[in-house]
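>>> below is the sequence, then the predicted model.
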Amino acid sequence: MTERMDFADGKYTVINENGKLTALRHGELWGRDLTGDNLIYWMLMDALKLKAERDALAAKLAELEGQTDNLLSACHRLALELECLLLDTKDSASVSRWWDSAMAALDGWHKAKDAASARPVPAEPVNVEFGMRGIETATPADNLQG
């Protein structure tokens, strides 16, 4: 089985082919012998595990966002139906005793809808490879080391 992961925006690539570790730099074989280098191996394994976990969480988030959108749509329709019913029957005695609580419920709905609909926008760039905000994959010191 071959496992491959890019680091530092593709500058480095580590390849694990059935336990044989190879390093590429800028897509070309890098003259470093990684044979028996458990540090690189376990860093690669951890990075692959974190990437798989990130992908699973992103899929779950997309699923939950879809469910939230469906729920918001149903709640919005109920709120509109309640508003129409209240406006249509506002002169009847049975509605007048529920008027205050219905208006409070509608006000609560509008606040909840606005809060749920507001999607946070990242203030910092998102690292596409690792999905982390504000964390650089390479530092100036990395460029000096090779």
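Received it, and whenever you're ready, just let me know what you need.

>>> and the strands in this protein?
2-7, 12-17, 20-25, 28-29, 126-127, 132-133 (DSSP state E).

>>> so of these, which one's packed in deepest?
Counting by mean count of other CB atoms under 10 Å, strand 12-17 has the highest mean neighbour count of the strands of the chain, with a mean of 17. All C-beta spots, glycine's among them, are computed from the backbone N, C-alpha and C.

>>> any idea how far Arg25 is from Leu48?
As judged by CB to CB, to the nearest Å, Leu48 and Arg25 stand 20 Å apart.

>>> do Lys11 as well
7 Å.

>>> thinking again about what came up before, quick one, which of the strands of the chain is nearest to Thr68?
When the strands of the chain are compared by CB to CB, strand 126-127 sits nearest Thr68, at 20.7 Å.

>>> let me see the mean pLDDT of that closest one.
Averaging pLDDT along strand 126-127 yields 52.

>>> I figured His76 was touching Ala112, is that so?
No: His76 is beyond contact range of Ala112, at 10.6 Å (criterion: CB atoms under 8 Å).
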